[in-house]
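Asks: what follows is a predicted protein model with its sequence.
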Amino acid sequence: MDNQTPLSHVRNIGIMAHIDAGKTTLSERILFFSGKTYKIGEVHDGAATMDWMVQEQERGITITSAATTLTWKDHQISLIDTPGHVDFTAEVERSLRVLDGAIALFCAVGGVQPQSEQVWRQSEKYEVPKLAFINKMDRTGADFYGVLSEIQSSLAANAVPVVIPIGQEEKFAGLVDLIDMKAIYYSEDPKNPMQEKEIPADLLDTARQWRANLVEKCAEQDDTLLEKFLGGEELTRDEILGIIRKATIARRVIPVFCGAGFKNKGIHNLLDGVNLYLPSPLDVPPVSGTYDGKELTRRADEKEHFSALAFKIMSDRHMGKLTYIRIYSGTIKSGTTVLNSTQDSSQRVGRLLRMHANRQEPIEEARCGDIVAVIGLQKTRTGDTICDADHPVVLENIEFPAPVISISIAPESRQDEEKLDAGLHHLSEEDPTFIVSHDDETAETVISGMGELHLEIIVDRLRREFNVASKVAAPEVAYRETATTPSTEGQYKHVKQSGGRGQYGHVWLRLEPQPPGSGFEFVNDVVGGRIPTEYISSVEKGIIKAMERGPFAGYPVVDMRVSVFDGSYHDVDSSDFAFVEAARVCMRQLFLQAHPVLLEPVMSVEVVTPEDFMGAVSGSICQRRGRIESMDQQGNDKVIRGMVPLSEMFGYSNTVRTLTQGRASFTMTFEHYEAVPFSIAEDIIKKRRAANKIR
């Protein structure tokens with residue numbers, strides 16, 4: 001934070017939306033009009049400031065969240081531009097965890113799209129106050145009021161327009177500010193982009209209706225104002241602004257703006273809205289954490305003990321490892337030693353940097369409310385807490401979704417094995433949804449991620465940034481297995497005698513399947529000391545060991561409650577190892593008796609296609625074992641929604657392009673696990689077993 005900027009004038013915000021809603025285009029305009037950049041970088045030219053990675057510039061999409069700091073009317077705004085593609089959902093998750101407010105961007109043609117709903121849900125999880133900006137008002141099919149209605153119904157949001165458009169599609173000329181009741185017209189000239197005028201006569205009645213709606217929604221949020229409103233008195237401008245701010249911060253109202261980012265329309269009003277309505281670090285509740293079992297809080301105050309959350313790691317080939325932190329309390333100076341309380345290790349802050357996408361500005365000190373990058377925190381991972389060593393606290397970690405797709409990877413040249421390992425280590429440090437594992441049975445390195453594009457980008461980055469050419473095998477689906485019999489009981493006695501001390505462990509277990517998504521639950525129902533307390537954790541370890549590689553097909557076992565309710569022990573021969581083995585073997589045997597089934601990830605698929613290709617697209621979903629859930633009209637296009645197993649979706653992007661002459665788009669999000677049909681499950685298990693035998 002700039003020394004001159006009071007904390008009440010600081011905003012930490014992100015832009016979140018469905019892919020291709022115009023987030024990066026909007027970010028570029030915000031940077032230009034705030035004076036942060038001297039020219040507007042366009043996504044389609046590969047010149048956007050915030051899309052600085054080579055892969056982003058080539059593909060015209062945002063892959064990694066980029067942070068920058070700018071000034072607008074004496075307010076300091078830290079801005080994070082997040083990706084819209086579902087494969088990079090971790091970038092949205094970690095950004096929302098540390099932001100105080102967000103701009104939810106919607107396409108005036110597309111409305112509330114699948115990823116819009118996903119990021120909205122993520123922002124609600126972290127209780128982030130939001131503004132809505134309906135973009136692309138100049139596009140054919142733009143419908144401000146339709147999208148507004150969709151936000152209210154699909155997202156159950158109390159969306160209240162503070163502006164309305166003057167015209168739409170090619171006639172979109174500007175907007176009416178409902179608070180000051182002025183018309184604002186825009187020109188193509190960035191140096192003189194807007195002029196205030198009187199509201200056109202044909203729009204005056206509509207503007208009055210929407211202003212009345214705004215005043216009524218404001219009055220509803222405050223008893224005193226409601227009384228004044230019902231008594232027929234006018235609310236003052238300051239009263240309206242004050243209550244919108246209060247209600248926005250409390251997440252009871254979503255102020256709605258509109259514009260056309262690409263045509264530079266509506267940006268100034270939106271930035272004013274950020275200053276007026278979104279919270280400063282002082283407006284959000286103190287951050288809470290724990291240490292040694294005690295509940296602790298940290299307020300946004302420079303005099304408070306220092307605390308910060310590491311929310312993003314980046315490898316920079318010139319600077320080394322950069323750790324992005326959000327400072328919640330106190331101050332930090334370069335050269336000081338801090339405590340990583342998550343790992344209980346002291347680490348030295350080498351340098352502090354204020355980031356502008358991939359460019360850095362060295363600073364000597366950072367304060368609460370700042371989002372900065374640190375060089376020197378070598379052992380810090382995403383989600384770790386950095387704090388004052390004398391006043392430790394551990395802040396709540398960041399939860400990330402589990403990967404849904406895996407492929408095996410190997411270097412093209414044996415000499416590159418070490419370079420590949422180093423590259424994978426760096427990339428997995430950066431991205432918590434990118435998991436690297438080594439399969440001992442197959443001697444393969446397996447990488448897992450959120451989708452095909454995610455892993456494709458990883459392989460491309462290995463080649464460009466780490467000079468490792470690698471070969472990958474066909475993607476492998478993250479299958480699971482579970483039991484279906486309501487309750488299965490049985491015992492196993494692990495007894496070995498080979499001279500000297502023997503091994504003895506005896507357990508009775510009960511297996512009960514749980515609803516999908518419940519996970520694993522271990523229950524200790526042993527009474528009367530039939531198994532000593534010190535061996536109960538060994539029983540749990542044995543069960544978990546058996547579940548890691550299920551006995552049915554070798555995939556992890558999920559959604560099970562396993563109870564140990566009886567057993568026996570030997571004073572001399574019983575040991576932790578004996579009970580681990582007894583539980584492991586018993587679990588495997590019982591699981592095979594409990595009618596196990598194979599589960600596969602099922603994806604929610606949405607295809608937006610011109611009507612001419614609707615039949616071909618529907619057929620392609622059905623051919624892939626898909627179920628079509630709905631078909632809706634969206635402008636001139638049809639929206640087909642369905643559920644399709646992930647195993648059938650590989651290469652679908654090419655199929656849908658071919659079927660629709662490149663005019664359709666599709667999105668896919670993980671929905672749930674479902675049982676694989678018996679005949680297909682048999683083939684999967686046969687191949688799995690054959691592969692393991694061969695290797």
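Replies: Sure thing, it's come through.

Asks: ok, Tyr504 - contacts?
Replies: Residues near Tyr504 by Cβ atoms under 8 Å, 6 or more residues apart in numbering: Lys493, His494, Val495, Tyr569, His570, Asp573, Ser574, Ala578. (Glycine included, C-beta is placed from N, CA and C.)

Asks: then Pro411?
Replies: Glu417, Lys419, Leu420, Val468, Ala469, Ser470, Lys471.

Asks: ok, 7 Å please
Replies: Glu417, Leu420, Val468, Ser470 (Cβ atoms under 7 Å, 6 or more residues apart in numbering).

Asks: I'd like the residues you listed written out as a markdown table, with distance to Arg29 and pLDDT added.
Replies: Formatted as a markdown table, the contacts of Pro411 follow (distance: Cβ to Cβ, whole Å; pLDDT from 0 to 100):
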| residue | distance to Arg29 | pLDDT |
| --- | --- | --- |
| Glu417 | 46 | 86 |
| Leu420 | 41 | 90 |
| Val468 | 38 | 86 |
| Ser470 | 39 | 86 |
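
Asks: that older thread, tell me the buried residues within the contacts of Tyr504.
Replies: For these, a burial check counting by 16 or more other Cβ atoms under 10 Å picks out His494, Tyr569, Asp573, Ser574, Ala578.

Asks: re the thing from before, of the contacts of Pro411, buried ones?
Replies: Leu420, Val468, Ser470.

Asks: could those residues go into CSV alongside secondary structure and distance to Ala300?
Replies: Below are the buried ones among the contacts of Pro411 laid out as CSV (DSSP: H, G, I helix; E, B strand; the rest coil; distance: Cβ to Cβ, whole Å):
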residue, secondary structure, distance to Ala300
Leu420, helix, 43
Val468, coil, 44
Ser470, strand, 45
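
Asks: which stretches of the stretch 101-250 of the chain form helices?
Replies: Here the stretch 101-250 of the chain has its helices, by DSSP state H, counting those that start in this stretch, at 114-125, 144-154, 201-219, 223-230, 237-249.

Asks: redo those helices as TSV? Include mean pLDDT and distance to Val10.
Replies: Listed next are the helices of the stretch 101-250 of the chain as TSV, based on pLDDT from 0 to 100; distance: least, Cβ to Cβ, whole Å:
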stretch	mean pLDDT	distance to Val10
helix 114-125	78	19
helix 144-154	92	27
helix 201-219	90	25
helix 223-230	81	28
helix 237-249	91	14
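
Asks: Val605: which of these is closest?
Replies: Among these, the nearest to Val605 by Cβ to Cβ is helix 114-125 (9.1 Å).

Asks: re the thing from before, which one of the helices of the stretch 101-250 of the chain lies nearest to Arg588?
Replies: Nearest of the helices of the stretch 101-250 of the chain (Cβ to Cβ): helix 114-125, 37.3 Å.

Asks: just give me how far that closest one sits from the chain centre.
Replies: Helix 114-125 has its C-alpha centroid displaced from the chain centroid by 9 Å (Cα atoms, centre = their mean, to the nearest Å).

Asks: between helix 144-154 and that helix, find me the angle.
Replies: If you take axes from the mean of the first three to the mean of the last three Cα atoms, to 10 degrees, helix 114-125 sits at 50 degrees to helix 144-154.

Asks: CA atoms of helix 114-125 as CSV?
Replies: Coordinates of each C-alpha in helix 114-125 appear next as CSV, following Å, rounded to 0.1, in the frame of the first residue of the first chain:
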residue,chain,number,x,y,z
PRO,A,114,-21.9,-22.6,-16.5
GLN,A,115,-18.6,-21.2,-15.3
SER,A,116,-20.4,-18.0,-14.2
GLU,A,117,-22.4,-20.2,-11.8
GLN,A,118,-19.2,-22.0,-10.7
VAL,A,119,-17.2,-18.9,-9.9
TRP,A,120,-20.3,-17.3,-8.2
ARG,A,121,-20.6,-20.4,-5.9
GLN,A,122,-16.9,-20.1,-5.2
SER,A,123,-17.2,-16.4,-4.3
GLU,A,124,-20.2,-17.2,-2.0
LYS,A,125,-18.2,-19.8,-0.2
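
Asks: how about it: buried residues?
Replies: Here helix 114-125 shows Pro114, Gln115, Ser116, Gln118, Val119, Trp120, Gln122, Ser123 as buried, counting by 16+ other Cβ under 10 Å.

Asks: before we move on, back to that, would you mind giving the buried ones among the contacts of Tyr504 as JSON lines with secondary structure, distance to Ile103 and pLDDT added?
Replies: Output for the buried ones among the contacts of Tyr504, formatted as JSON lines (DSSP: H, G, I helix; E, B strand; the rest coil; distance: Cβ to Cβ, whole Å; pLDDT from 0 to 100):
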{"residue": "His494", "secondary structure": "strand", "distance to Ile103": "60", "pLDDT": "91"}
{"residue": "Tyr569", "secondary structure": "coil", "distance to Ile103": "62", "pLDDT": "90"}
{"residue": "Asp573", "secondary structure": "coil", "distance to Ile103": "66", "pLDDT": "86"}
{"residue": "Ser574", "secondary structure": "coil", "distance to Ile103": "62", "pLDDT": "87"}
{"residue": "Ala578", "secondary structure": "helix", "distance to Ile103": "60", "pLDDT": "92"}
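
Asks: which helices and strands does the longest strand along the chain pack with?
Replies: Secondary structure assigned by DSSP state E gives strand 597-610 as the longest strand of the chain. Contacts defined by 3 or more Cβ pairs under 7 Å, 6 or more residues apart in numbering; DSSP states H and E place strand 597-610 against strand 480-482, helix 614-623, strand 637-645, strand 665-675, helix 678-694.

Asks: each with direction, which strands does that strand pair with?
Replies: Strand pairing for strand 597-610, using DSSP bridges, gives strand 480-482 (antiparallel), strand 637-645 (antiparallel), strand 665-675 (antiparallel).

Asks: quick one: mean pLDDT for the longest one?
Replies: pLDDT averaged over strand 665-675 equals 82, rounded to a whole number.

Asks: what does that strand rub up against?
Replies: By Cβ under 7 Å, 6+ apart, strand 665-675 touches 86, 114-115, 118, 404, 480, 516, 597, 599-608, 643, 649, 652-653, 656.

Asks: mind saving the C-alpha coords of that strand as CSV?
Replies: C-alpha atoms of strand 665-675 as CSV (Å, rounded to 0.1, in the frame of the first residue of the first chain):
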residue,chain,number,x,y,z
SER,A,665,-18.4,-24.1,-28.2
PHE,A,666,-18.6,-26.4,-25.2
THR,A,667,-17.8,-26.4,-21.5
MET,A,668,-17.4,-29.3,-19.2
THR,A,669,-17.4,-29.4,-15.4
PHE,A,670,-17.1,-32.3,-13.0
GLU,A,671,-20.5,-33.2,-11.5
HIS,A,672,-20.3,-36.5,-9.6
TYR,A,673,-19.2,-40.2,-9.7
GLU,A,674,-21.6,-42.8,-11.1
ALA,A,675,-21.4,-46.6,-11.5
